[in-house]
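Visitor: Predicted model and sequence below, questions to follow.
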Amino acid sequence: MLFRRLFAVLAVFLMLPVSPAAETSTTTQVPVCKRPPHGRVACFAIRVDTRTGGRVRHASAPVGLVPADLRSAYALPTTRGTGHTVAIVDGYDDPSAEHDLAVYRAQFKLPACTTGNGCFRKVDQSGGGHLPAPDPGWSEEISLDLDMVSAVCPRCHVLLVEATSASQANLGVAVDTAARLGAVAVSNSYGGADAPDSTYGRRYHHPGVALTASSGDSGYGVSYPASSRWVTAVGGTSLRRAHTKRGWEETAWSGAGSGCAGSNAAPYQSSTTTQCSHRAVADIAAVADPATGVAVYDSYAFEGTGGWLTFGGTSVSAPIIAAVFALAGNTAGVADGSYVWKHHSGGVNDVTSGSNGSCPTARWCTARRGWDGPTGWGTPKGVAAF
C-alpha cells in the first residue's frame, strides 16, 4: 500500500499516467415492449444490456449465438427453402428493417435479401404501403425476427407485415394478409391475456400455412395466440455448447410460458399426455434464454443501444420454428397446431431438465421425458418433425 502511494506521488512530478480504477460492468435483461393494456399485446423480445460506468456498452461485433450455431445445434440443412416465404407479423414500423437485415446477412455471408432482388418485402397490415408509425421497442423485435428467419432459412424469402398497432385485432388482420400474400409460415412473437378462439381464432386459422406463436416470457402461465388451437405454440430453452455427441445441451428456460388454456380445445392433443382438458402449451421449443441469447443487428436507436445487440425471449424461438417449417417444405399438410404432435417421433431433441415455476400439474411447468409445458416435445433435430 505504501509503495502504491509513493508511486502515485512520484507520477505527479514525473508526469507519468496513473491508471484509473477499473470500471465495473453490469448486465441487465430488458423487455423491449411495455406491458400491454387490455386488448393489446406485448412483444416478447428481451434485450441484454451491458453497462459500464452507467452507460450501455456498444458491441462492435456480434455477441451471442450466430447462424452457424443455430444450424449446428438443431442439425438444420443449408440448401433448402428456396422460394418459400416466411412472414413476420409485428406491430408498428421499423424504418431500418431492410438496412439492418442487409448488415446481418452480410456479416454472416448469407445471400442478399432485398426489395430489389425480390427476396424482401415490407407491407402494412392490409398489404399496402401505408406503413404505421415507428416504435423503437417493436423495431428491435422486428430486427430479431428477421435475423432469426435469415439464420435458419437463408434461402427463404422474407415478408414483413406491420400492424397499425399492438392490438389483437390489428395483428390478426396482419396475419390474414401474410397468409393471403403467399407465406408458407408466419411467425408471431407476441402475446396477451389468454383468450377464446371464438374471439380472434378466425385470424389464425389458415390451413396450409404454419403459424407459430411465442409462449411468453413470464414463466408458468399461458398467453394468446399461443393458446389458440390453430397455431404451433413455441416454448423456450437455454442452449449451451457441451462435450457430447450432439455438441450442445438444453434445459427448459425459466421464463418460457406454459400451461393449460382456459377454454380452447385441442383435439389433436392427448389429455392423458398433457393432463389438461383444454389446449396445452407449448408444442415445440428452441433457444430463448437471454443468458444464452442470439446476436442481432438493429440500428434504430432505443436508449442509445443501436448496433450489435444480444436478445432472448420466446421471440427468438417462434421465428426459428417458423423458418424450420419453411425448410421442411411440408406446410401444405399443416391444418392447425397438430403437426409436431403427429410427426415429432425421432425428429426432436427431448429436453428433460429445467422448470419455469410452480404449477398444479408438474408436467405443465417442469421438463421431463416426452411432452412437457415449457418445451413441448423438445427442440428441432433436423426437419423430420416438420
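Guide: Sure, I can see it. What you see is a predicted model, and the numbers here were worked out from it, not measured in a lab. Residues are numbered from 1 along each chain as shown.

Visitor: any chance you could map the helices in this protein?
Guide: 2-14, 67-73, 97-107, 136-152, 168-180, 197-200, 271-274, 314-328, 339-343 (DSSP state H).

Visitor: Just send the ones you listed back as JSON lines, with distance to Tyr190 too.
Guide: For glycine as for every other residue, the C-beta is placed from the backbone atoms N, C-alpha and C. Listed next are the helices of the chain as JSON lines, based on distance: least, C-beta to C-beta, whole Å:
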{"stretch": "helix 2-14", "distance to Tyr190": "55"}
{"stretch": "helix 67-73", "distance to Tyr190": "21"}
{"stretch": "helix 97-107", "distance to Tyr190": "17"}
{"stretch": "helix 136-152", "distance to Tyr190": "8"}
{"stretch": "helix 168-180", "distance to Tyr190": "7"}
{"stretch": "helix 197-200", "distance to Tyr190": "12"}
{"stretch": "helix 271-274", "distance to Tyr190": "24"}
{"stretch": "helix 314-328", "distance to Tyr190": "8"}
{"stretch": "helix 339-343", "distance to Tyr190": "21"}
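
Visitor: Which stretch among the ones you listed approaches Gly247 most closely?
Guide: Gly247 lies closest to helix 67-73 among the helices of the chain, at 6.5 Å (C-beta to C-beta).

Visitor: State the number of residues packed around Lys53.
Guide: For residue 53 the amino acid is Gly, not Lys. Gly53 has 8 neighbouring residues, counting by other C-beta atoms under 10 Å.

Visitor: do the same with Thr115
Guide: With other C-beta under 10 Å as criterion, Thr115 counts 10.

Visitor: can you put the helices of the chain in TSV and add distance to Asp217 and mean pLDDT?
Guide: Formatted as TSV, these follow (distance: least, C-beta to C-beta, whole Å; pLDDT from 0 to 100):
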stretch	distance to Asp217	mean pLDDT
helix 2-14	47	44
helix 67-73	19	98
helix 97-107	23	97
helix 136-152	12	97
helix 168-180	17	97
helix 197-200	20	94
helix 271-274	22	96
helix 314-328	6	98
helix 339-343	21	96
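
Visitor: To Gly191, which of those helices lies closest?
Guide: helix 314-328 (8.5 Å).

Visitor: ok, and which of the helices of the chain has the densest surroundings?
Guide: Greatest average neighbour count among the helices of the chain goes to helix 314-328 (a mean of 32), per mean count of other C-beta atoms under 10 Å.

Visitor: Can I get that helix in PDB? Just the C-alpha atoms.
Guide: Extracted as PDB, the C-alpha positions of helix 314-328 are listed here (Å, rounded to 0.1, in the frame of the first residue of the first chain):
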ATOM      1  CA  THR A 314     -39.600 -16.700 -26.900                       C
ATOM      2  CA  SER A 315     -39.500 -14.000 -29.500                       C
ATOM      3  CA  VAL A 316     -36.300 -15.900 -30.600                       C
ATOM      4  CA  SER A 317     -37.800 -19.300 -30.700                       C
ATOM      5  CA  ALA A 318     -41.000 -18.500 -32.700                       C
ATOM      6  CA  PRO A 319     -39.300 -17.300 -35.900                       C
ATOM      7  CA  ILE A 320     -36.700 -20.100 -35.600                       C
ATOM      8  CA  ILE A 321     -39.500 -22.700 -35.700                       C
ATOM      9  CA  ALA A 322     -41.400 -20.800 -38.500                       C
ATOM     10  CA  ALA A 323     -38.200 -21.000 -40.500                       C
ATOM     11  CA  VAL A 324     -37.700 -24.600 -39.800                       C
ATOM     12  CA  PHE A 325     -41.300 -25.300 -41.100                       C
ATOM     13  CA  ALA A 326     -40.300 -23.500 -44.300                       C
ATOM     14  CA  LEU A 327     -37.100 -25.500 -44.600                       C
ATOM     15  CA  ALA A 328     -39.000 -28.700 -44.300                       C
END
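
Visitor: on that earlier part again, which of the helices of the chain sits closest to Tyr220?
Guide: Distance to Tyr220, taken as C-beta to C-beta, is lowest for helix 314-328 among the helices of the chain, at 13.3 Å.

Visitor: tilt between the closest one and helix 136-152?
Guide: 30 degrees (axes from the mean of the first three to the mean of the last three C-alpha atoms, to 10 degrees).
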